[in-house]
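Student: Sequence first, then the predicted structure, then my questions.
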Amino acid sequence: MTKQISYDSNAATVKETQAKEFCIGRNNIELFAYKNHAYEVYKSLPMGLSLKALKTIFSDFEIMLSHYSRVLAFRIDLHPKTGSETNQTITSFLKNLLKTLNTKYQCKVIYHCAREQDTADKEHYHLEILLSGHKVKHSAALQILVKTLWENQTLGTVEFIKKPFCIMRRGNKASIKAAIYRSSYLTKERTKDLNGKAKGFISNRLKPAAGFDPSTELMLVDPNITFERNRRKQANKSAPSASITGNITSSRYGWFNRLSHAQQLKECISSRTTSLSHLIDTPMFNPLSQTDQPQLITQRVYEPKTGANDHLNTDQVALVTRTHQ
């Protein structure tokens with residue numbers, strides 16, 4: 001079970017209710033081939049997924065990653081006040097939302113919106129927004145912005161889901177696969193059969209960055225990034241510093257479990273192309289540790305000018321070594 005989070009209009013309090021957890025399991029996963037790689041997507045029985053919508057999501061991920069090396073994917077659910085046989089209300093809202101996000105964050109935006117209706121008397125919408133991960137690093141402000149805009153424009157309500165965002169990195173499949181799986185849920189055919197003539201999947205179009213080659217998949221999987229990441233991971237495992245461990249902690253907002261600070265440091269170092277091993281290989285210096293051997297501490301002392309003929313002045317520094325027991 002997870003916690004479904006909703007905020008009041010003033011964003012001052014948080015109300016949590018129990019909700020079913022959305023997770024990857026044996027019974028709701030299948031592989032989907034896109035270009036030269038396979039990806040885990042949501043398995044929806046008995047009607048399956050919309051291939052057109054699913055390919056649109058893959059293509060839009062590539063387009064956003066062609067513009068930004070870091071892309072934030074954000075999820076929220078929308079419930080209208082009254083039902084409608086058309087998408088006029090949601091289309092008008094998405095147009096207004098797109099304009100608001102472009103103005104506020106000064107970045108390109110792609111949205112995916114799925115219209116569904118099962119046993120309820122009115123439809124609801126699953127909304128996903130893709131923005132620059134350099135401009136937006138967390139979902140809290142986005143939640144309040146979308147909620148306020150939706151309530152003011154439609155008088156409807158929103159439903160905050162657990163772990164509503166993740167950060168995708170260009171060419172790093174490990175950071176993208178969870179976003180693909182989560183997004184593929186929007187393409188399921190089940191619960192869309194009551195939409196009538198209204199489209200079950202809505203998205204906007206965005207041109208890729210100049211120089212983007214659609215015949216490759218370097219935006220999703222870059223062999224050089226994968227090789228370097230795996231090489232440094234292997235080097236860290238075999239290094240003496242591999243004994244640095246930490247527990248995995250759960251994040252309220254992120255789609256991923258959050259590693260301890262020590263593990264995050266090692267992951268950052270592993271993903272770099274230059275060596276920073278000294279940051280984890282060098283033992284931490286503790287001047288307050290109690291040992292039998294004296295510890296040498298180097299201190300910089302700035303000596304004032306003592307005379308006109310003195311060779312020292314205020315810009316010169318003398319290094320004084322003292323012994324600390």
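Tutor: Structure's in. What do you need? Since this is a predicted model, take the numbers as computed values, not measurements. Residues are numbered from 1 along each chain as shown.
Student: Output stretch 127-144 as PDB, restricted to C-alpha atoms.
Tutor: Written as PDB, here are the backbone C-alpha positions of stretch 127-144 (Å, rounded to 0.1, in the frame of the first residue of the first chain):
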ATOM      1  CA  LEU A 127      -1.500  13.500 -17.200                       C
ATOM      2  CA  GLU A 128       2.200  13.300 -17.700                       C
ATOM      3  CA  ILE A 129       4.400  16.400 -18.300                       C
ATOM      4  CA  LEU A 130       8.000  16.400 -19.600                       C
ATOM      5  CA  LEU A 131      10.200  19.400 -18.800                       C
ATOM      6  CA  SER A 132      13.800  20.400 -18.600                       C
ATOM      7  CA  GLY A 133      15.500  18.700 -15.700                       C
ATOM      8  CA  HIS A 134      17.800  21.600 -15.500                       C
ATOM      9  CA  LYS A 135      15.000  24.100 -14.800                       C
ATOM     10  CA  VAL A 136      12.700  21.800 -12.700                       C
ATOM     11  CA  LYS A 137      14.400  19.400 -10.200                       C
ATOM     12  CA  HIS A 138      11.400  18.500  -8.100                       C
ATOM     13  CA  SER A 139       7.600  18.000  -8.400                       C
ATOM     14  CA  ALA A 140       6.200  19.900  -5.400                       C
ATOM     15  CA  ALA A 141       5.800  23.200  -7.100                       C
ATOM     16  CA  LEU A 142       4.400  21.500 -10.200                       C
ATOM     17  CA  GLN A 143       1.800  19.800  -8.200                       C
ATOM     18  CA  ILE A 144       0.500  23.000  -6.700                       C
END
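Student: List the contacts of that stretch.
Tutor: 7, 11, 60-61, 64, 67-78, 97, 101, 105-113, 146, 158, 160, 164-165, 167-169, 183, 186, 253 (C-beta atoms under 8 Å, 6 or more residues apart in numbering). C-beta here means a position set from N, CA and C on the backbone, and glycine is covered the same way.
Student: Now the buried members of those.
Tutor: 7, 60-61, 64, 67-68, 70-78, 97, 101, 105, 107-113, 146, 158, 160, 164-165, 167-169, 183, 186, 253 (16 or more other C-beta atoms under 10 Å).
Student: give me the number of residues near residue 46?
Tutor: Burial of residue 46, expressed as a neighbour count using other C-beta atoms under 10 Å, amounts to 6.
Student: actually residue 137, not the one I typed
Tutor: Residue 137 has 12 nearby residues by other C-beta under 10 Å.
Student: how much space between it and residue 207?
Tutor: 25 Å (C-beta to C-beta, to the nearest Å).
Student: coming back round to it: okay, and which of the contacts of stretch 127-144 map to strands?
Tutor: 7, 70-78, 110-113, 158, 165, 167-169 (DSSP state E).
Student: Please enumerate the helices of the stretch 1-150 of the chain.
Tutor: All helices of the stretch 1-150 of the chain, identified by DSSP state H, counting those that start in this stretch, fall at 51-67, 88-105, 140-154.
Student: Reformat these into CSV and put mean pLDDT next to each item.
Tutor: Below are the helices of the stretch 1-150 of the chain laid out as CSV (pLDDT from 0 to 100):
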stretch, mean pLDDT
helix 51-67, 97
helix 88-105, 96
helix 140-154, 95
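Student: Buried deepest among those helices, which one?
Tutor: helix 51-67 (a mean of 20; mean count of other C-beta atoms under 10 Å).
Student: and that one, what does it pack onto?
Tutor: strand 29-34, strand 70-79, strand 110-116, strand 124-132, helix 173-184, strand 201-203 (3 or more C-beta pairs under 8 Å, 6 or more residues apart in numbering; DSSP states H and E).
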